[in-house]
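A.B. asks: Have a look at this fold, sequence not included:
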DNA sequence: TAAATATGTAAAGTTCATTTGACTTTTACT
DNA sequence: AGTAAAAGTCAAATGAACTTTACATATTTA
């Protein structure tokens, strides 16, 4: 699962800590999601979409499995 | 988190077991999600969206907190 | 260059998504 | 009414999301 969080953050000049606080998660959670360590929960994805005024699909992109 | 899985299933005349198999999860998982016991993971939500050819937002609706 | 801020990472613990297996209840059909 | 399929539910187990604490590295700024 790829995501555009780092770019969206950069566009607004936000730190990971600021985004974390806006989404009410820890800074490490934001870091881990940006670095692809794990995927956010669906509720957290919705919260991010609301925050950035985008759809979930505009922020998170499912990897289409190329078999 | 509300969702339209039951309706989408009914429109296609699918059982919970059939949807489960299409999404490669257990029947109990579909049942629990439909009954609102828990939210699906983001990857599972993407898979459902792909299956129904809808966006995540068209299937799952975040409860806006009315404080 | 030193200090401050931002980012990356790791371990241990908690909570929740998901599985398996089994059982009960509901719905539909004969 | 009897049967079969579908839906609902429960308990125990596993794994993944997320937290806290703590430290290391990188980047910015005084």
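C.D. replies: Alright, I've got the coordinates. Note that the coordinates shown come from a computational prediction; the quantities given were computed from them, not determined experimentally.

A.B. asks: Which parts of chain A are helices?
C.D. replies: Secondary structure of chain A by DSSP state H: the helices cover A:5-12, A:16-23, A:27-34, A:42-52, A:56-59.

A.B. asks: what's the angle from the longest one to helix A:16-23?
C.D. replies: The reference is to helix A:42-52. When axes from the mean of the first three to the mean of the last three CA atoms, to 10 degrees is applied, the directions of helix A:42-52 and helix A:16-23 differ by 100 degrees.

A.B. asks: what residues does helix A:42-52 touch?
C.D. replies: Counting by CB atoms under 8 Å, 6 or more residues apart in numbering or on different chains, the neighbours of helix A:42-52 from elsewhere in the structure are A:5, A:8, A:22-25, A:40, A:55-56, A:58-60, B:1, B:39-42, B:45, B:56-57, B:60, B:62. Just so you know, the C-beta spots here come from the backbone N, C-alpha and C atoms, and that holds for glycine as well.

A.B. asks: Same question for the last one.
C.D. replies: Under the criterion CB under 8 Å, 6+ apart, residues A:3-5, A:8, A:45-46, A:48-49, A:52, B:42, B:45, B:49, B:55-57 lie in contact with helix A:56-59.

A.B. asks: Which residues of chain A lie near DNA strand D?
C.D. replies: Taking CB under 7 Å from any atom of the strand as the contact definition, chain A meets DNA strand D at A:24-26, A:28-29, A:32-33, A:38-41, A:43-44.

A.B. asks: Weed out the non-buried ones from those residues.
C.D. replies: Those of the residues of chain A next to DNA strand D that meet the buried threshold are A:25, A:29, A:33, A:39-41, A:44, by 16 or more other CB atoms under 10 Å in any protein chain shown.

A.B. asks: For those, work out which two are farthest apart.
C.D. replies: Farthest pair in those (CB to CB) is A:25 and A:39. Separation: 13.1 Å.
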